[in-house]
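K.L.:
can you look at this prediction? I've put the sequence above it.
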Amino acid sequence: MKVAKTYTLNDLMEGCKAGNGQMQELLYRQTSPKMFAICLRYAKDKMEAEDVLQLGYIKIFKKVSEFKNEGSFEGWMRRIMVNTAIESYRKNLRTLQIVPIEEFYEQNISCSNQRDILADLGFQDLLKLIQQLSDGYRMVFNMYAIEGYSHKEIAEKLGVSEGTSKSQLSRARAILQQEILKMEGFGYATHTG
Amino acid sequence: MQHIPDKDFDQLFKDKFKDAEVKPSLDLWTNIAPQTKPKRKSRFPLLWLAAASIALVLSAVLWSNRTEKMQLVAAAVKAKPTKQQLEVGEAIIEPQLEEAPEIPAAVHQLSGAKTSTTKVFVKTQAKVVDKIGSDTMQPAVDNNHLVIKKPTLDQPVLKQISPTAVNEEVMYAQVETTTVAMEELEFADESVSKKGIRNMGDLINYVVEKVDKRDKKLIKFDTDDDDNSTIIGLNIGFVKLNKRDK
């Protein structure tokens, strides 16, 4: 059943509150690309990302009645998606919070170089780099750098100490920077300007 | 030169991901969409079909074995009369109709003026009654058989019989009943109440009676003092066969 009218996010939200199945699907179609990008950032592979996406939307539809029309609905959805991703991470955690030994070395490269490189990189490249990180690093970097959680909040959500959060963040950054510099020579042609 | 400051580094990433979109595969929605249950219709007749087939199997088995040794289907063996008459320590045996394999048993009736004892022999091929631990057993009980008495009497005990070789007869239960005391059990059906459960037909009548509250029961047997049980009534959904002289 195609509807000519275009719905705003708010319309869709209200429709979901009313339990309208079509609205739910429309909301999904409209917002899932953004949500899936979040899932891909957090999950260790595409399969986990898909699981998180599905679970996240199920939660969203279940909890939409609790949304109080204060603040951004998209932001509310994102938080649910991130929380679902964190749950998935914690559930799949097999080892204790052992910081893996990563070999990385100091790079003596100018920062302007990094900026240039970064400027040319699209999020797909960065996504690949993030996905290459070890699980713990990836989680902390995502939550701190992109979602904006504090170390205290990260510690609480992941069940680690603040110290662990801090050290994992700095290692994540170091590895990412190192990898970005490596990309300099490769003509990262996934997307040319 | 320095590294790019952490804050800037983070911010660069944040900006790149702000509006990032990746299309998920198309079929993922099906796992999210609320599921409906369209299969309600076929459920109802299915139940009747199941009941009918069970009754048919029962009657087929009965008619083909009109000898002294009656074959008991597991469901009948673990039927409710045992539930009423038994207590295992503090526990009550719960009949598990689905799990039990078919346990053919031979029922013999020993004569006795006021006390009749029915011994139920079970040919076990698999596990027999579970759920009863041997710790609840009373020490006086013989290892080989159980004494199942009325609630007014001593607390009866059921013991798990370990699976023996195939086709070996093991005494499974010994039911002691008194014809007088039988009246205490609430039987609507007088023939069963007065004479106790003598044979399989009585047993099935008892079970059906407890379960089926209609006038014309699912299945009804006419029994006599021997091991003769004849179906005189059948009432399954559309099938209603009853003897007039009921």
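P.N.:
On my side now, so go ahead. Please read all numbers here as calculations on a predicted model, not as lab measurements. Residues are numbered from 1 along each chain as shown, chains lettered A, B, ... in the order given.
K.L.:
and the helices in chain A?
P.N.:
A:9-17, A:21-42, A:46-63, A:73-92, A:111-120, A:123-132, A:135-141, A:151-158, A:162-182 (DSSP state H).
K.L.:
deepest-packed of those helices, please.
P.N.:
Per residue and on average, the most neighbours among those fall to helix A:135-141, with a mean of 23 (mean count of other C-beta atoms under 10 Å in any protein chain shown). C-beta here means a position set from N, CA and C on the backbone, and glycine is covered the same way.
K.L.:
then that one to PDB, C-alphas only?
P.N.:
Taking C-alpha atoms only, helix A:135-141 is exported to PDB below (Å, rounded to 0.1, in the frame of the first residue of the first chain):
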ATOM      1  CA  ASP A 135      36.700  -5.200  20.800                       C
ATOM      2  CA  GLY A 136      37.400  -3.200  24.000                       C
ATOM      3  CA  TYR A 137      39.200  -0.500  22.100                       C
ATOM      4  CA  ARG A 138      36.500  -0.200  19.600                       C
ATOM      5  CA  MET A 139      33.800   0.100  22.300                       C
ATOM      6  CA  VAL A 140      35.500   2.800  24.200                       C
ATOM      7  CA  PHE A 141      36.600   4.800  21.200                       C
END
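K.L.:
how near is the residue positioned nearest the centre of chain A to chain B?
P.N.:
In chain A, the centroid-proximal residue (C-alpha atoms, centre = their mean) is A:Ile38; its distance is 3.4 Å. According to C-beta to the nearest C-beta, to the nearest Å, A:Ile38 stands 8 Å off from chain B.
K.L.:
likewise for A:Leu93?
P.N.:
Noted for A:Leu93: a distance of 24 Å to chain B, by C-beta to the nearest C-beta.
K.L.:
please name the nearest non-neighbouring residue to that residue.
P.N.:
In this structure, A:Leu93 finds its nearest non-sequential neighbour in A:Asp135, 7.5 Å apart by C-beta to C-beta, 6 or more residues apart in numbering or on different chains.
K.L.:
list the contacts of that neighbour.
P.N.:
A:Lys44, A:Tyr89, A:Leu93 (C-beta atoms under 8 Å, 6 or more residues apart in numbering or on different chains).
K.L.:
wait, what's in contact with the residue nearest to A:Asn92 when sequence neighbours are not counted?
P.N.:
Counting by C-beta to C-beta, 6+ apart, the nearest residue to A:Asn92 once its immediate chain neighbours are dropped is A:Glu48, at 7.3 Å. Residues near A:Glu48 by C-beta under 8 Å, 6+ apart: A:Cys39, A:Ser88, A:Asn92.
K.L.:
closest to chain B among these?
P.N.:
If you rank the contacts of A:Glu48 by distance to chain B using C-beta to the nearest C-beta, A:Cys39 comes first, at 8.3 Å.
K.L.:
and the closest residue to the closest one other than its chain neighbours, what's its pLDDT?
P.N.:
Nearest non-adjacent residue to A:Cys39, counting by C-beta to C-beta, 6+ apart: A:Ala49, 4.0 Å away. The confidence metric pLDDT takes the value 97 at A:Ala49.
K.L.:
near chain A, which residues of chain B show up?
P.N.:
B:1-6, B:8-10, B:12-14, B:16-17, B:19-25, B:28-29, B:31-34 (C-beta under 8 Å from any C-beta of the partner chain).
K.L.:
right, and the residue nearest to A:Cys39 touches A:Ser32 too?
P.N.:
No - the pair A:Ala49 and A:Ser32 does not pass the contact test of C-beta atoms under 8 Å, sitting 11.5 Å apart.
K.L.:
was I right about A:Arg115 contacting B:Ile4?
P.N.:
Yes - applying C-beta under 8 Å as the test, A:Arg115 and B:Ile4 come out as touching, 6.2 Å apart.
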